[in-house]
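Q: I would like to see how this sequence folds:
(2 chains)
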Protein chains: 2
Amino acid sequence: MSATQTAQLMDGTGLAGRIVEEAAARAAQISQHTGTSPCLATVLVGEDPASVTYVRMKRARCAKAGIRSRHIALPAATTTAELIDTLAGLSDDPDVHGILLQHPCGPHIDERAAFEAIAPHKDVDGVTAHSFAAMSFGLPGFVSCTPGGIMRLLEAYDVDLTGRRAAVVGRSAILGKPVGMLLLARDATVTYCHSRTADLPDIIREADVVVAAVGRPRLIRGEDIKPGAVVIDAGYNRGNVGDVDFDAALTRARLITPVPGGVGPMTIAVLLAQTVDAAADQLGIEHH
Amino acid sequence: MSATQTAQLMDGTGLAGRIVEEAAARAAQISQHTGTSPCLATVLVGEDPASVTYVRMKRARCAKAGIRSRHIALPAATTTAELIDTLAGLSDDPDVHGILLQHPCGPHIDERAAFEAIAPHKDVDGVTAHSFAAMSFGLPGFVSCTPGGIMRLLEAYDVDLTGRRAAVVGRSAILGKPVGMLLLARDATVTYCHSRTADLPDIIREADVVVAAVGRPRLIRGEDIKPGAVVIDAGYNRGNVGDVDFDAALTRARLITPVPGGVGPMTIAVLLAQTVDAAADQLGIEHH
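A: Residues are numbered from 1 along each chain as shown, chains lettered A, B, ... in the order given. Below is the predicted model of the structure:
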């Protein structure tokens, strides 16, 4: 095994920038045609510092793209019923086109029940059962933002998925499960791996595409990456470390996402693009 | 390789019989307590002979178990909008506890739109987006009947799924996709295979559990079955031939479902059990 870099980096920052630019241009058109700009409601329960930062970042990106945002900060003691009321109200509010519930919401909240209070046509974060089923069945609908971002990266780099083995490591409702379904819809042969998987290295060694989405630093060893594979690292760990041993994977993969600058920026870009899509639909503007 | 049978047959007929017996006992209790027996609405578009037979069989089983059924036969020319109206009406009708739309409905019907007109609490056939998401996220809800039947068979035979490799061959919305999600919820490492899968025999050879659900006679060769594997054949083909080469698989598998008498009878049993569950819920009877 040579220690030479063979992999091309997948430039999520650049691609996300182009998607956001396009969303901004469409937001401006919508504003010009209707007098109303797209509006994303952000809902945050409590004051978890990381969540506060994420929401602030998302709102700043919205502002830069000409998307309004309306922030609803709820106290940490908010009940599931109160949160559902808030989300149902936003679902009914014609001035709100997309709704983002920042999660995790805290252990006392039934997050799934809360997600389901978001009207499917405003589910720009792709968290509802409706959106999951749409992704799974290949129907129109919003995608979960990180899975959607991953698929756009794969498209941008012309990755052929038909009949290829894809290993999805992680099975969360907003990342692992939907990205597997999106890969399956593109005719990949998809294996879902997780904490109980007995033989992860064996599965990785056979994968043409690896999507790591567990949040365990360097869980995926570089030596297990199949030469020529495409490696998507959606893991977020302290110190900008992904789920893949990046340096070692670099010598074997054909394409790999850096951390940061790979999947991360794509998530917000898809959120913004979908918010503009939602506004266009709700305001009766023809789809892009 | 010895030509001796090593596999134990999984007796779907027997297990289904016990499930139906239990459903009948609960239906009788419900009737006694409320004066109303569970009621399944069956909806059929057109007169496809196979569909007519399936619906008749399901209704006969209902009758034997003390479950009423109300049959709605719609002409072949029924539009999607008319079908949705019918299903929405049944969803609102307090005398109907479960709804079964017999499919396929014909090429002119938007089947997904029709399924979504079934209220989730009456979706005893487990075909709605809501039910699919519930299966995928491990939440309460109705399961698709064949996947649910397969899981009950695996439980009845104490098949340990944690960390085991499961190959699901087929990716339909009502069979392959949901059974994979149910296996994943039970901590199996699940690989979805399908018509575009390049290396099916390789995947089958590594699978501890094979679920065949494509409807291609003997697609899965016996010689590829891993010795000691559990083989679930949900394929239906002419002449009572499954998707697995049964005779050859018999010499390698540890457990295998016969065709017929394996998965088939389980489907109706789960339908009946879920209809009784739905009636109990809607009539305010405590759950079994």
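Q: how about the residues of the stretch 51-200 of chain A that lie near chain B?
A: Contacts of the stretch 51-200 of chain A with chain B, taken as C-beta under 8 Å from any C-beta of the partner chain, map to A:112, A:128-130, A:132-134, A:136-137, A:139, A:162-165, A:171, A:173, A:177, A:180-181, A:184, A:187, A:189-194, A:196-199. C-betas here are computed from N, CA, C, even on glycine.
Q: Inside helices: which ones of these?
A: A:112, A:129-130, A:132-134, A:136-137, A:177, A:180-181, A:184 (DSSP state H).
Q: Using a markdown table, lay out the residues you listed together with distance to A:Ala278 and pLDDT.
A: Below are these laid out as a markdown table (distance: C-beta to C-beta, whole Å; pLDDT from 0 to 100):
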| residue | distance to A:Ala278 | pLDDT |
| --- | --- | --- |
| A:Arg112 | 22 | 93 |
| A:Ala129 | 18 | 93 |
| A:His130 | 13 | 93 |
| A:Phe132 | 17 | 97 |
| A:Ala133 | 18 | 95 |
| A:Ala134 | 14 | 95 |
| A:Ser136 | 20 | 96 |
| A:Phe137 | 20 | 93 |
| A:Lys177 | 23 | 98 |
| A:Gly180 | 25 | 98 |
| A:Met181 | 21 | 98 |
| A:Leu184 | 25 | 98 |
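Q: Can you verify A:Val211 is assigned to a helix?
A: No. Checked against DSSP: H, G, I helix; E, B strand; the rest coil, A:Val211 lies outside a helix; its state is strand.
Q: how many other residues sit next to it?
A: 31 (other C-beta atoms under 10 Å in any protein chain shown).
Q: And A:Asp123, by the same measure?
A: Counted with other C-beta under 10 Å, A:Asp123 comes out at 28.
Q: again, but for A:Pro104
A: 12.
Q: got a list of what it touches?
A: Contacts for A:Pro104 (C-beta atoms under 8 Å, 6 or more residues apart in numbering or on different chains) come out as A:48, A:51, A:111.
Q: for A:Val96, same thing?
A: Going by C-beta under 8 Å, 6+ apart, the list of residues near A:Val96 reads A:39-41, A:70, A:90, A:122.
Q: quick one: it and chain B, what's the gap?
A: Distance, A:Val96 to chain B, using C-beta to the nearest C-beta, to the nearest Å: 23 Å.
Q: Surely that residue is in a helix?
A: No. Applying three-state DSSP, one finds A:Val96 to be coil, outside a helix.
Q: okay, now the closest residue to A:Leu255 other than its chain neighbours: neighbour count?
A: Of all residues not flanking A:Leu255 in the chain, A:Val230 sits nearest, at 4.5 Å (C-beta to C-beta, 6 or more residues apart in numbering or on different chains). As a burial measure, A:Val230 scores 27 neighbours (other C-beta under 10 Å).
Q: show me what contacts A:Val230?
A: Applying C-beta under 8 Å, 6+ apart, the residues contacting A:Val230 are A:154, A:157, A:159, A:208-210, A:253-256.
Q: hmm, 6 Å instead?
A: A:159, A:209, A:255 (C-beta atoms under 6 Å, 6 or more residues apart in numbering or on different chains).
Q: A:Gly261 too?
A: A:12-13.
Q: And it, how far from chain B?
A: 30 Å.
Q: Which residue ranges of chain A form helices?
A: A:12-34, A:49-64, A:80-92, A:111-115, A:129-137, A:145-156, A:176-185, A:200-205, A:246-249, A:263-282.
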